[in-house]
Each structure stands twice: as structure tokens, then as C-alpha cells.
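*Asks:* dropping the sequence and predicted coords here.
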Protein chains: 2
Amino acid sequence: MVTAKVWVLKKHFEGFPKPSDFDLKKIELPSLQNGELLLESVFLSVDPYMRPYSQRDMKEGDIMIGTQVARIVESKNPAFAVGAFVVANSGWRSHFISDGKGLHLLPSSWPESLPKSLALGTVGMPGLTAYFGLFEVCKMKPGETVLVNAAAGAVGSVVGQLAKIGGCKVVGCAGSDDKVAYLKKLGFDEAFNYKTVTSLDEALSKASPDGYDCFFDNVGGEFSSVAINHMKKHGRIAVCGAISQYNDSVPQKGPYVQIPMIFKELRMEGFIVTRWNNRREEGQKALLKWVLEVRREGVIFFTVYLHHGLPLCKGGSLVVAGEVRSWYDFLLSDVIFEPFEDTQTILNMPDAFHFTETCDTSLWS
Amino acid sequence: MVTAKVWVLKKHFEGFPKPSDFDLKKIELPSLQNGELLLESVFLSVDPYMRPYSQRDMKEGDIMIGTQVARIVESKNPAFAVGAFVVANSGWRSHFISDGKGLHLLPSSWPESLPKSLALGTVGMPGLTAYFGLFEVCKMKPGETVLVNAAAGAVGSVVGQLAKIGGCKVVGCAGSDDKVAYLKKLGFDEAFNYKTVTSLDEALSKASPDGYDCFFDNVGGEFSSVAINHMKKHGRIAVCGAISQYNDSVPQKGPYVQIPMIFKELRMEGFIVTRWNNRREEGQKALLKWVLEVRREGVIFFTVYLHHGLPLCKGGSLVVAGEVRSWYDFLLSDVIFEPFEDTQTILNMPDAFHFTETCDTSLWS
């Protein structure tokens, strides 16, 4: 008999999420039926999208939504071998039973040396979001200028790097000087801290006096209202996220978009990465290739996600780079961890970072 | 020596345009040089777009922008014969000299019986706007549901009819009961008066409970903010105009668009018909065909534009359907004239409507 720990949304967020909005519960899992498998989460993602989606799709008492990298602990399904790793979309649970539907085995080309947490980051949903958003929504072309906000985030950091690889000039902005330094390290041509510039309008003009062909928008709200006036004729805006509005109890207002949309003949498109579920393999293959090959030349970096099982067992805290952080911080905005330049650095880090590699179910107790 | 009368923008509009914002001036035109031609305007267009464009592109003292159907009075250019008619973009002038650049001869297939004013309406810029907006921006497909606002206007009325011809369900709204009756006569499946419905939200739900695939937006502002929530997943919004905002001295605000854009993966695109200048012939040919052929089956109607030369010579008034109307009314919103169901009706109307056919330069004096 396995006891799963699950985090339940006790109360819908009002403004910022609070620890008291959640409840930790235990659920006894039944024995496996034929065709089923038992999985243990080894990495859980905590992403900004959870705020609007929980509001829209969940009722109080539901288990919190989210994706995970999970290890197959027991299997009565011949398609899934014990010990293999999958990406699942089963919410914040330590253990769960699946019939295999909707599980994605890690690609067979995934190298042993590459942290599996990347399957929730650069080579997972956020990376695929950057990939399809840039190539299919923005229809980015070499030589263009690309603007991305929340640029140090899981999606933004990949957007900027893919755009550089694709021969574009890239301008990024983020909310702290550390993140700006990180963006420059990633190869962004221009980067600024939107919280400290005297005028966003001026900062955007200065970073690209001719304007922007593509704008990968993760933020929405006021930023977007200023940025729209900096688009070039026939510019494309990929609306990926709206983190500036996820904590609003009353919707914010801004200038109507129609007049700039018409005068500059702009195209704006909202998108969700699941649209390209049938091309997931293609995207993941491309991202893996970049991470493994291009990275060697110092071009690609990645942001490591380490939302591992600890929040489910250690009083809601995560040990990150030696610092204990409240796990629900990650729901607040585009929090990122220390970036690492290559796999070796990661492999040299303390054990706490390699939960997947040394996954020990006793940690769940 | 020919004296041209020209209307000058004396003062940029503040709020609604006023007669005192304009000045009538006389300009002596020089003799023609080789390659030049002298033209006389026989129809002038007065369109809502002039409000934002004058603000953006004109300085006080400039001749008012606008297109016209003009007759060639004298020619030293072998490509243009005296007596032929062209569409020009020379602003509010009774006469002007051109080197032929930018002039569009009326298609050779234009029947004698068809009023040339249509070259400024259904078979001109507004018709082409509807054509390219629907087919290229909305990418309308048979069986879809199309929403259009300002539906009784020069563009909207063509949008609705083309969408019907294309096998769609069409919902239109306009600002008076007369216009709504007109829309129903045009074959719109549903039509309502947005000024008298108790709730726009409810009216949109009632007209199409399943929502809308395409939204051809001529209005912007609050209407668009409500309509965006009625779009189906992957809906397309063609942003053609924003008449609700053209008279604002301070920009209005509304809810940010990003969250509905993302959740429904909507595509919104602003456009200006000049983008398809290289396909003008194709569009005009298709529109002419519809006007001449499909109309016979009672499917297509058209709105006749009769902004002819009179405003330049009769104290700023237009004689329309026997009623004297202040010509600057036409700048205020989507004013339309009485619709006519076939060419014969038009041909049977009083002479005042056929200024092109019986163009007499003495009227300019």
C-alpha cells in the first residue's frame, strides 16, 4: 500500500498566493490493475500559468495542477518499464497511478548526464513554448529585432537564445539587476531592468531605435501597452503570458489596442503550447540538440528547475543553491534559479540538486 | 487657366469635426507640362478614417485628404485619354494636375450603367477592405460565424454580404433601427441595434450562442472588449477601424486583451487595404462580378456614396435623397445613404444623384 501526499487548493488565490491557500493531504493508493503503473514524482514544476488556470479550471478542494518528471516505480503496463522516467501532468502529488495515457517518456536520446529536471524547463513545456511561439506565432526571420519581457524566466531565457541562434538582435528585460546580468551572459544584445529605468518608453527606444519586428509577450498589461507603440510596421506579437495580471482581483485597464494595431498593421496572437502537441517530438528534439551541441560553443545556457519533491515533505520549503526558499514564492512571478553554463557545473553541485539521480523514496516519508 | 477649389484643414479636429475646422480656398492651376493631365473631381469620398489620419499625417493648412473619382479634362499624357475616369487620392480638390502616378483608371469592364461613385464604395476602397479583410486577415471559411460591427457602413455592409456569399452565418450590429432593418434586407442572419439592447453581452450571446469564429471590427473600444469574450477558440479578429475612438482627445481605456487572447488562442490583426495594392485588380474584378451578377439574384446590395462635388460649391451641403445634409456629418460616423437594390433604381433617381453622368463644370463656379 502506497500513501500519496497531495497538495490541495484549499482556497482560490486572492491577490498573491499564500501558504494557507493550500492543504497537504494523504491518500492511500489502491493496488495496480492490469494496464496501470505507479509513479513517483521526482521534479514538480511551479509555474506562473498556474495562477490564472487554477482560477479558471479548479474548484476549492481539488488537487493543485502541475506537471512533473516521475519515475516508474511499479508497472502492470508493458509499454512502461520500471525505472523509466516520464513527464506527466498529474498535479502536485508525490505518487500517482496512471493507465499510461498522457504520459510522455523522456526521449531515448536523453543523455544520462543531463539533468532530467530540464524536461520541465528548457527541453519541456517552457522550451517548447519558446520554440513554437517564436517560429510559428512570431514567424521570426533572421536579421529581425526581437523583444522579450520576463526574459530571465523559463520561457523568456529560451526565447532570447533561440532568437540569437536564429540570427536576430535580441532585447530583453527583467525585474532585477541580477537577472539583467544573466541576460547579458546569455548573449542578449540589450537588456534592462524595467523596475529601475526612468521610462520604459525611452528604454525601449534606446535599445532599438528602429523598433521591433517581434515581441514575445510574457507580461501583458502596462508593459505591452508601451511596447505596442514600438513595433515596426507589420510587427508580430506572440501573447504567451500575462503575469502582470495574474494576481488581479479586479481586471486592470489600459489604452485600447486598435489604433496602433491598424496604423502599424500588427498581428497579435495568443497561444498555448498544447496547440502543437502533435509536434512535441520535433520541438523536443530541436531543443535537446541545442542544449547538447550549441551549448558547447557557449551559445546556449539553461535555467535549471529544481522544484523537486521536498515541498511535499519538508514544511513547504525548497533547498535551492544552499538557500532555503519558500516554495510558494515560485507562484508569484518569474522566479528563476541560479543559471548554469554547462552540465558539468550541475553535476558538480551538491547532492540536493540531484534528487532525480539519487531519488530515495524515504524522502517522501 | 483653371481655378481649383480646395478645402483646407484650418484646425485639427478637437472631438467632433466642425465646419469652422475647414476653409475653402482657390488655387490657380498652371498650364499642363508634357506628361501631365488635368482632372476634375466628380465624386469625393468622406470617410471615418480621415479623422485619425488627418491627426497623424496632416498639419493645419494642408489640403484635406481623400480619394475621388475624377474625369480627365485635358491630357498631355498618352496613357490617359480625355473623358476617361480615374480613382485618385488627391484630397478635397475640385480640379488638380497629375503626372499620372497613383491614378487608377476605372476597370475596362465597368458597365456604362453602373454609377461610377461605386468606385469609391463597394467596388472601391471600402469594398476592397471588406474583401481582403475577410479573406486574407480573417481567413473566413464556409460554415463559420462572422460578427461585424458598424455593419451598415460602407465596409461592414460588404463584409456581411461577402460572408453570406461565402457560406457563413453573419451577425451584424449598427446604431439605429433603420440600419438594422437594412442589414436584414441585406441578408444578415442576425442584426441588432447596439444602442438599444439592454446588454451587448447578452445580445452577442443570443445572436450566436456558440460564439464567433471571425470578428470584423470597425469600431474598437468597449464593443471590442465585450466581443473578444464571445470569440470561439482560435477565433480571428480583423481590426479594420476604431470609429469609437476617432474623436477622443484623451485615449479611452478598457480591459487588457492578453488573458482572453491566450485562453482562446485568438489572432488579432490590424490592417490597411493598401497592403494589397498589388492585388487591387483581382479584388476589384471579384467585387464587380458580385455587384453585377450575384446582385441579380437578390443577394448583393450596395451602398451608394454620393459625396460629389456639391460640398465644394454649395455652402458645404449635400443633396441626398432630396434632403439637404451638412456634408461634414459624414466625418462623424458610419453615415450611409439610402441603399438601392439595383442599378435601375439608381438610374431612375433624380439628376442630383448622377453628377458623374452629367458632370457640368459650371457647378463648380
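*Replies:* All right, it came through fine. This one's a predicted model, so the numbers in the text were calculated from it and none came from an experiment.
*Asks:* OK, now which residue of the stretch 51-200 of chain A is nearest to chain B?
*Replies:* At 6.5 Å from chain B, A:Pro52 is the closest residue in the stretch 51-200 of chain A, using C-beta to the nearest C-beta. C-beta: built from backbone N, CA, C; applies to glycine.
*Asks:* ok, that residue - how many residues close by?
*Replies:* 20 (other C-beta atoms under 10 Å in any protein chain shown).
*Asks:* which element, helix or strand, includes it?
*Replies:* Per DSSP states H and E, A:Pro52 falls inside helix A:50-57.
*Asks:* isn't A:Leu9 up against A:Lys25?
*Replies:* No - in terms of C-beta atoms under 8 Å, A:Leu9 does not count as a neighbour of A:Lys25; the distance is 11.2 Å.
*Asks:* that older thread, next one: the residue of the stretch 51-200 of chain A closest to chain B from A:Ser45, what distance?
*Replies:* 15 Å (C-beta to C-beta, to the nearest Å).
*Asks:* same thing with A:Tyr212?
*Replies:* Noted for A:Tyr212: a distance of 30 Å to A:Ser45, by C-beta to C-beta.
*Asks:* now A:Leu32
*Replies:* According to C-beta to C-beta, A:Leu32 and A:Ser45 sit 26 Å apart.
*Asks:* which of these two has more neighbours?
*Replies:* More crowded of A:Leu32 and A:Ser45, by other C-beta under 10 Å: A:Ser45, with 25 against 17.
*Asks:* got the confidence number for the more buried one?
*Replies:* On pLDDT, A:Ser45 comes in at 70.
*Asks:* wait, it sits on A:Ile65?
*Replies:* No - counting by C-beta under 8 Å, A:Ser45 sits too far from A:Ile65 to count as a contact (10.0 Å).
*Asks:* nearest spatial neighbour of A:Gly143, skipping sequence neighbours?
*Replies:* If the residues on either side of it in the chain are set aside, A:Gly143 comes closest to A:Gly167, at 6.1 Å by C-beta to C-beta, 6 or more residues apart in numbering or on different chains.
*Asks:* quick one, phi psi at that neighbour?
*Replies:* With angles defined as degrees, to the nearest 10, A:Gly167 sits at phi 80, psi 30.
*Asks:* wouldn't it be in contact with A:Met140 here?
*Replies:* No - the criterion here is C-beta under 8 Å, and A:Gly167 misses it with A:Met140 at 9.1 Å.
*Asks:* what do the two both touch?
*Replies:* Contact with both A:Gly167 and A:Met140 is made by no residue, according to C-beta atoms under 8 Å, 6 or more residues apart in numbering or on different chains.
*Asks:* more neighbours: those two, which one.
*Replies:* A:Met140 (24 against 11).
*Asks:* which residues of the stretch 251-365 of chain A lie near chain B?
*Replies:* Within the stretch 251-365 of chain A, the positions adjacent to chain B are A:251-272, A:275 by C-beta under 8 Å from any C-beta of the partner chain.
*Asks:* buried ones among those residues?
*Replies:* The neighbour-count test (16 or more other C-beta atoms under 10 Å in any protein chain shown) applied to those identifies A:254-272 as buried.
*Asks:* so of the residues you listed, which ones are in helices?
*Replies:* Counting by DSSP state H, the part of these found in helices is A:258-263.
*Asks:* next, count neighbours for A:Gln161.
*Replies:* 25.
*Asks:* returning to that earlier point: of A:Leu9 and A:Lys25, which one has the most company?
*Replies:* The neighbour count for A:Leu9 versus A:Lys25, taken as other C-beta under 10 Å, is higher for A:Leu9 (22 against 14).
*Asks:* contact partners for that one?
*Replies:* With C-beta under 8 Å, 6+ apart, A:Leu9 has these contacts: A:21-22, A:54, A:58, A:60-64.
*Asks:* could you redo the last one with a cut-off of 10 Å?
*Replies:* A:17, A:21-23, A:50, A:54, A:58-65, A:91-92 (C-beta atoms under 10 Å, 6 or more residues apart in numbering or on different chains).
*Asks:* now, which of those lie within helices?
*Replies:* Assigned to helices by DSSP H, the following of these qualify: A:50, A:54.
*Asks:* show the buried residues in the contacts of A:Leu9.
*Replies:* Using 16+ other C-beta under 10 Å as the burial test, those include A:17, A:21-22, A:50, A:54, A:58, A:63-65, A:91-92 as buried.
*Asks:* min pLDDT across these, which one?
*Replies:* Among these, A:Pro17 carries the lowest pLDDT, at 67.
*Asks:* A:Leu134 is in contact with A:Ala286, correct?
*Replies:* No - counting by C-beta atoms under 10 Å, A:Ala286 stays clear of A:Leu134, with 11.3 Å between them.
*Asks:* higher neighbour count, the two?
*Replies:* When A:Ala286 and A:Leu134 are compared for neighbours, A:Leu134 comes out ahead with 25 against 17, by other C-beta under 10 Å.
*Asks:* quick check: the more buried one vs B:His12, distance?
*Replies:* 41 Å.
*Asks:* got it, and A:Pro111?
*Replies:* Taking C-beta to C-beta as the measure, A:Pro111 falls 65 Å from B:His12.
*Asks:* more neighbours, these two?
*Replies:* More neighbours surround B:His12 than the other of A:Pro111 and B:His12, with 13 against 9 (other C-beta under 10 Å).
*Asks:* off-centre distance for stretch A:208-220?
*Replies:* Relative to the chain's own centre, stretch A:208-220 is displaced by 20 Å; criterion: C-alpha atoms, centre = their mean, to the nearest Å.
*Asks:* for it, buried residues please.
*Replies:* Judged by neighbour count (16+ other C-beta under 10 Å), stretch A:208-220 contains these buried residues: A:208, A:211-220.
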